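J.: Quick one: sequence plus predicted model below, questions after.
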Amino acid sequence: MRFRLLLSILFGFCSITVAQTSRSVHSTQLGVAHIGGLYSFTETNYLNEGAAKVQEIGARCIKVSLSLDTDNPSSKLYPFHSQWPAVETLDALADTPYYRELFARKFDTFILNAFRPGRAASYWRESFSVEDETAEEECFASLGLHLLRTYAKTNKTFIIQNWEGDWALRGCFDPTAKPSSAATAAMIRWLAARQRGISRARAEFGSGGARVFHACEVNLVRQAQVQNAPSVTTDVLPHVAVDLASYSAWDTKDSPKHFAEALAFIAKHKQETEPFGKHGVYVGEFGFPESEATPQLAFERTASLLAEAQRFGCPYAVYWQIYCNEPTSQPPKVNTDYKGFWLLRPDGTRSLICQLFHHATPPEQGDGLQPASQTESK
């Protein structure tokens, strides 16, 4: 009864709509990430194997990586059954067969973690020259224009973003580390250059069916809110007119109340830009791993967080993720060897969380899949 009641409440929230200046009203779009998973089930190229599973679950929004940075290029994050061609630009990467196949799928929205070719993702923290600034702008203007032209006859939306900017600003995964003022200033210039590139692409292309936006992702929000700690939210977002702000919401996953407060805190510091206006904050990552809770509790917590995102008016909320990317032992072989960030487990069964998506098959049932093959390259 508790499970049915929660579903009824949640799907009631799914009817909440968000007004946008230049498009019809719509509710929060629930998406799924597919980035760097550690197992596979088929011989399909890994990017599209995962995308196909996301479609089967019922999502119309997917978050993937489209990147040529030296840390985590697409070829590293999607290694299974894939032979990636050598390319030198992001628009050339987007035009490879694997991404053309992905973008032809019936998703409404593609959220893309993207970084400039040949550099570390956060190279700007150490040095960011005028030449780098120009190269960033040109890179994302070219990618944006490619997407707008190639998919002009569709109604697809592409959102290009960074990944968890507060870690990038610090250069480590220590939340107590203090970013330098030089790094903060460089990040502002870096994000502004990316935004100028995307804005240029839109201006050059004009009107059409496809849409391209740029987002800045933040992740250490709670400590900025309650401790006045340095953050991208407070020290960077107010100075860059990005289209959207993304919240990777792991610092508030244990409290729907704190999660909702964090969304409001981000919105308070983000400049309002069209067409999203007051609804320019989305959830770039959220969920609750099964290693920290029973499947039922993980479902209930995820559903509660989603309800808060919908109540707040987020245009998108992206569940992390289709296949788990974090092992708890090496080498991972069975379900208990993973943290449990998944909709599809290594043994082929589905998480209860799949029930948050329309048209999902019943929970805890497999897809007729054999147990997954594990990666040897991670």
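T.: Done, it's in. These figures come from a predicted structure and were not determined experimentally.

J.: hey, where'd the strands end up in the stretch 151-300 of the chain?
T.: 157-161, 211-218, 244-248, 281-286 (DSSP state E, counting those that start in this stretch).

J.: which one of those strands is the most hemmed in?
T.: Greatest average neighbour count among these goes to strand 281-286 (a mean of 28), per mean count of other Cβ atoms under 10 Å. Just so you know, the C-beta spots here come from the backbone N, C-alpha and C atoms, and that holds for glycine as well.

J.: tell me what it is packed against?
T.: strand 211-218, strand 244-248, helix 256-269, helix 295-312, strand 316-319 (3 or more Cβ pairs under 8 Å, 6 or more residues apart in numbering; DSSP states H and E).

J.: What are the contacting residues of that strand?
T.: 33, 63, 111, 161, 215, 217, 244-250, 253, 259, 263, 266-267, 270, 302, 305-306, 309, 312, 314-321 (Cβ atoms under 8 Å, 6 or more residues apart in numbering).

J.: That one vs helix 256-269, what angle?
T.: Relative orientation of strand 281-286 and helix 256-269, computed by axes from the mean of the first three to the mean of the last three Cα atoms, to 10 degrees: 130 degrees.

J.: Can you list the strands that strand 281-286 pairs with?
T.: strand 244-248 (parallel), strand 316-319 (parallel) (DSSP bridges).

J.: and the closest residue to Gln321 other than its chain neighbours, what are its phi and psi?
T.: Nearest non-adjacent residue to Gln321, counting by Cβ to Cβ, 6 or more residues apart in numbering: Ala33, 3.8 Å away. Here is the backbone geometry of Ala33 (degrees, to the nearest 10): phi -90, psi 150.

J.: tally of neighbours for Glu204?
T.: Here the count is done by other Cβ atoms under 10 Å, and Glu204 has 12 residues near it.

J.: where does the nearest residue to it once chain neighbours are set aside land in three-state SS?
T.: The shortest distance from Glu204 to any non-neighbouring residue, by Cβ to Cβ, 6+ apart, is to Leu145 (6.1 Å). In three-state terms, and counting by DSSP: H, G, I helix; E, B strand; the rest coil, Leu145 is helix.

J.: longest helix of this protein?
T.: Counting residues, the longest helix found in the chain (DSSP state H) is helix 181-205.

J.: Go ahead and confirm Gly313 touches Lys278.
T.: Yes - using Cβ atoms under 8 Å, Gly313 and Lys278 qualify as a contacting pair, with a distance of 7.4 Å.

J.: could you measure Phe312 against Ala260, distance?
T.: Counting by Cβ to Cβ, to the nearest Å, the gap from Phe312 to Ala260 is 6 Å.

J.: Quickly list what's touching both of those two.
T.: By Cβ under 8 Å, 6+ apart, no residue touches both Phe312 and Ala260.

J.: the more surrounded of these two?
T.: More neighbours surround Phe312 than the other of Phe312 and Ala260, with 22 against 18 (other Cβ under 10 Å).

J.: Not counting residues beside it along the chain, what's closest to that one?
T.: Nearest non-adjacent residue to Phe312 (Cβ to Cβ, 6+ apart): Leu263, at 4.8 Å.

J.: May I ask which helix or strand of this structure has the lowest mean pLDDT?
T.: strand 18-20 (a mean of 33; mean pLDDT, DSSP states H and E).

J.: So, low pLDDT: which residues of this protein?
T.: 1-26, 359-378 (pLDDT under 70).

J.: same thing but at 90, please
T.: 1-27, 206-208, 358-378 (pLDDT under 90).

J.: coming back round to it: in terms of neighbours, single out the busier of Gly313 and Lys278.
T.: Gly313 (22 against 12).

J.: Tell me the buried residues in stretch 162-170?
T.: Asn162, Trp163, Glu164, Gly165, Asp166, Trp167, Ala168, Leu169, Arg170 (16 or more other Cβ atoms under 10 Å).

J.: Looking at these, which is nearest Asn325?
T.: Trp163 (12.6 Å; Cβ to Cβ).

J.: give the contact list for the residue nearest to the closest one when sequence neighbours are not counted.
T.: Leaving aside its sequence neighbours, Trp163 sits nearest to Asn113 (Cβ to Cβ, 6+ apart; 5.0 Å). Asn113 is in contact with Ile35, Lys63, Val64, Ser65, Leu66, Ser67, Gln161, Asn162, Trp163, counting by Cβ under 8 Å, 6+ apart.

J.: Among the residues you listed, name the ones in helices.
T.: Per DSSP H, the contacts of Asn113 never map to helices.

J.: Show me the helices in the stretch 1-150 of the chain, by range?
T.: With DSSP state H, counting those that start in this stretch as the criterion, the stretch 1-150 of the chain has helices at 2-13, 46-57, 74-77, 90-94, 97-104, 130-150.

J.: How much space separates the residue nearest to Glu204 from Ala201?
T.: 4 Å.

J.: My understanding was that Ala210 contacts His146; is that so?
T.: No - counting by Cβ under 8 Å, Ala210 does not reach His146; the two are 10.5 Å apart.

J.: And stretch 346-355, what's buried?
T.: Applying 16+ other Cβ under 10 Å to stretch 346-355 flags Pro346, Thr349, Arg350, Ser351, Leu352, Ile353, Cys354, Gln355 as buried.

J.: As JSON lines, these with distance to Asn45 and secondary structure would be great.
T.: Below are those laid out as JSON lines (distance: Cβ to Cβ, whole Å; DSSP: H, G, I helix; E, B strand; the rest coil):
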{"residue": "Pro346", "distance to Asn45": "19", "secondary structure": "coil"}
{"residue": "Thr349", "distance to Asn45": "24", "secondary structure": "strand"}
{"residue": "Arg350", "distance to Asn45": "22", "secondary structure": "strand"}
{"residue": "Ser351", "distance to Asn45": "24", "secondary structure": "coil"}
{"residue": "Leu352", "distance to Asn45": "29", "secondary structure": "helix"}
{"residue": "Ile353", "distance to Asn45": "25", "secondary structure": "helix"}
{"residue": "Cys354", "distance to Asn45": "23", "secondary structure": "helix"}
{"residue": "Gln355", "distance to Asn45": "28", "secondary structure": "helix"}
